[in-house]
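Undergrad: output the structure for:
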Amino acid sequence: MELDLSPKLAKKVYGDNGGSYHAWCPNELPMLREGNIGAAKLALEKNGFALPRYSDSSKVAYVLQGAGVAGIVLPESEEKVIAIKKGDAIALPFGVITWWYNKEETDLLVLFMGDTSKGHKAGQFTDFFLTGSNGIFTGFTTEFVKRAWDVDDDTVKALVGKQTGQGIVKLDSNVKMPEPKPEHRKGMALNCEEAPLDTDIKNAGNVVVLNTKNLPLVGEVGLGADLVRLEGNAMCSPGFSCDSALQVTYIVRGSGRLQVVGVDGKRVLETVVKAGNLLIVPRFFVVSKIADPDGLSWFSIITTPNPVFTHLAGSIGAWKALSPEVLQAAFNVPAETEKLFRSKRTNDAIFFPPPK
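TA: Coordinates of the predicted model:
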């Protein structure tokens, strides 16, 4: 049975007052289960507070919109309280405890993508809440809570009885939350919209790659990531991940056309992608995109911390490395046709400007 590779939107899982949590379902996007990949989005309104939790999966978080505060506790480490804003990428290894808070008028939107191979459910994140109506306190008996935290009966009742929210709550405006510390941000987050560009092609597009060099924590997460921005009507060269990694792509802004070619030269997907879509390209399949007039941007994770891609067109395309005789014989064309083919795209790499 062929897998459905068509892009999908996230669906609401829980939340009401203060914000909501949305996730992609592996039943609708089978490649999530096949690739052991999870994906979800957190939306926080003003004064929305995502309660402390840890997950069964390592993740990369990416701030899609707004600004806020994140609390991060790495195993056997102190709490890091960092300011976050649109464009920030944050690596979240196994065992990390996080909370998220939005004190601004604009909604805070955070995307999560990660590896579920060690999780409870393939293709889905499972979060374990420290507080709230479904938090760990509610599962233990009064005796266990008293002895573990050395508190009396009244304190136990207060700790358990007042936890009415599930996952997300809305705080009163007079509640004081920890202020972010600039020194805590170092090594914890990288703003992909402000970071040095790894590739920048005039009138075509640019890319920032997240790896162990600019955010060492991704090594612990085991994932790489990138933010790609295509100009209007520009094209991203056909290419594939040559180290067997999966590429999971979320469309951040704009729209465009996408084609994926798989085994035996079969086009397995031809579609229009738009903001909010998530799709996964199978291992070694070749993908290419052409932006609509307003441009196209996407954030991807790759299931290796230092991904390697092979591009088939452009000045660094794999075809350029093959000898003329091999190309002529492989295509079964005369030398003149091979020379014409080789003479094209000698200056542009990865991204191609619109035709003149």
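Undergrad: CA atoms for contacts and neighbours, from now on please.
TA: Fine.
Undergrad: show me what the nearest residue to Gly276 once chain neighbours are set aside is bridged to.
TA: Closest residue in space to Gly276, ignoring its immediate chain neighbours: Ile251 at 5.6 Å, by C-alpha to C-alpha, 6 or more residues apart in numbering. Applying DSSP bridges to Ile251 gives these bridge partners: Trp298.
Undergrad: excluding chain neighbours, what is closest to the spatially most central residue of the chain?
TA: When C-alpha atoms, centre = their mean is applied to the chain, the residue found nearest the centroid is Met113 (4.2 Å). In space, and not counting its chain neighbours, Met113 is closest to Ala39: 4.4 Å by C-alpha to C-alpha, 6+ apart.
Undergrad: from Gly276, how far off is that neighbour?
TA: Distance from Ala39 to Gly276, counting by C-alpha to C-alpha, to the nearest Å: 12 Å.
Undergrad: which one's more surrounded, these two?
TA: Taking neighbours as other C-alpha atoms under 10 Å, Ala39 and Gly276 compare with Ala39 leading, 26 against 17.
Undergrad: tell me the secondary structure for that one?
TA: Under DSSP: H, G, I helix; E, B strand; the rest coil, Ala39 falls in the strand class.
Undergrad: so it touches Phe112, yeah?
TA: Yes: contact criterion C-alpha atoms under 8 Å: Ala39 and Phe112 qualify, at 5.5 Å.
Undergrad: all strands for the stretch 1-150 of the chain, in order.
TA: Using DSSP state E, counting those that start in this stretch, the strands of the stretch 1-150 of the chain run over residues 11-14, 19-23, 37-44, 48-55, 58-65, 67-73, 79-85, 88-92, 97-102, 108-115, 127-129.
Undergrad: columns distance to Asn206 on top of those strands, output as a markdown table?
TA: Listed next are these as a markdown table, based on distance: least, C-alpha to C-alpha, whole Å:
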| stretch | distance to Asn206 |
| --- | --- |
| strand 11-14 | 30 |
| strand 19-23 | 28 |
| strand 37-44 | 24 |
| strand 48-55 | 33 |
| strand 58-65 | 18 |
| strand 67-73 | 24 |
| strand 79-85 | 20 |
| strand 88-92 | 17 |
| strand 97-102 | 30 |
| strand 108-115 | 21 |
| strand 127-129 | 35 |
